[in-house]
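S.K.: 3D, please:
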Amino acid sequence: MSVSSWDPDPTGRHQYRWWDGEEWTDQVADDGIQSVDPITSSEANLPRNAPPSPPPPPGSVPGVPMPGSRSGTPDPLSMLASKGRRFGAYLLEIPLALVTLGIGYLIWMLIVWARGQTPAKQLLKMRVVRLEERRAAHWGWMALRNFVLSTLIAIPLELIFPGLSILWLLANAIALLVSNRNQALWDMMLKTVVVHDPDYLFDRSRRQS
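M.R.: Okay, here's the model as predicted:
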């Protein structure tokens, strides 16, 4: 088995692609910024020396910033919250709302939305991150994700056909179970993921202080 390393992307779609010693992977890099680009089985077995390109950057592995990359910007796909943690957060929201008498939960939620969290996600050290920016979702995105797409949309669905809102929530649960990025439907629509962030790597308020 050959040595794993960053090599010129044989598909030509990116500058570099990670060779794991046996085949090409979905980890790619452009101008020092890592991202993910799915690869077919035939592309994964392309010759390692195609196409000819400048030498790869100094050694780096997927999930670790490459030389010249944006410092302090980790790869959210390497920090995904597990499916069990995601479902645990959903279940935890209910007792938190009851214990705080509803109004306390609402105030708490509006505060932590600014950091890409809900009350349960804050307790479980999870955070919603926008893939395109690699930054925690701000208040507006959280309102769109957690209120409009997950709650408000259920009202017209229920008016159209009783029980349809339950099917919407069930569809999101199924999507989360089968997604390789642990995304619900609203995550896929907004291009967000939920990460386990115990070190506050995506907490802008702590990083700026």
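
S.K.: biggest strand in this protein, by residue count?
M.R.: Ranked by residue count and defined by DSSP state E, the top strand of the chain is strand 24-30.

S.K.: same for that strand, what does it pack against?
M.R.: strand 16-19, strand 33-36, helix 41-44 (3 or more CB pairs under 8 Å, 6 or more residues apart in numbering; DSSP states H and E). Yep, even glycine has a C-beta here, placed from its N, CA and C like the rest.

S.K.: Only alpha carbons, please: show the last one as CSV.
M.R.: Coordinates of each C-alpha in helix 41-44 appear next as CSV, following Å, rounded to 0.1, in the frame of the first residue of the first chain:
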residue,chain,number,x,y,z
SER,A,41,-16.2,4.3,-7.6
SER,A,42,-14.7,4.6,-11.0
GLU,A,43,-13.2,8.0,-10.1
ALA,A,44,-11.8,6.6,-6.8
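
S.K.: If you count neighbours, what's buried in it?
M.R.: Using 16 or more other CB atoms under 10 Å as the test for burial, helix 41-44 gives E43, A44.

S.K.: elements contacting the helix or strand just after it?
M.R.: Downstream of helix 41-44, the first helix or strand assigned by DSSP states H and E is helix 83-99. Judged by 3+ CB pairs under 8 Å, 6+ apart, the packing partners of helix 83-99 are helix 103-112, helix 119-123, strand 126-130, helix 164-178.

S.K.: Apply 10 Å and report the result again.
M.R.: helix 103-112, helix 119-123, strand 126-130, helix 164-178, strand 192-196 (3 or more CB pairs under 10 Å, 6 or more residues apart in numbering; DSSP states H and E).

S.K.: Read off the pLDDT value for the nearest residue to P198 once chain neighbours are set aside.
M.R.: Closest residue to P198 apart from its sequence neighbours, by CB to CB, 6 or more residues apart in numbering: K125 at 4.4 Å. Per-residue pLDDT puts K125 at 95.

S.K.: try the one 4 residues further on
M.R.: Among the per-residue scores, V129 shows a pLDDT of 94.

S.K.: what's near enough to touch it?
M.R.: By CB atoms under 10 Å, 6 or more residues apart in numbering, the contact list for V129 reads 74, 76-77, 79-80, 116, 135-137, 187, 191-195, 197, 201-202.

S.K.: tell me which residues form a beta bridge with it?
M.R.: Beta-bridge partners of V129, counted by DSSP bridges, are A136, V193.

S.K.: now it: how far from Q122?
M.R.: 14 Å (CB to CB, to the nearest Å).

S.K.: now do R17
M.R.: Applying CB to CB to R17 and Q122 gives a distance of 36 Å.

S.K.: more crowded one of those two?
M.R.: R17 (24 against 18; other CB atoms under 10 Å).

S.K.: count of residues packed around the residue nearest to that one when sequence neighbours are not counted?
M.R.: Sequence neighbours aside, D9 is the residue nearest to R17 in space, at 4.0 Å (criterion: CB to CB, 6+ apart). D9 has 24 neighbours, counted by other CB under 10 Å.

S.K.: Low-confidence stretches in this structure?
M.R.: Residues of the chain that meet the criterion pLDDT under 70 lie in 1-2, 49-73, 204-209.
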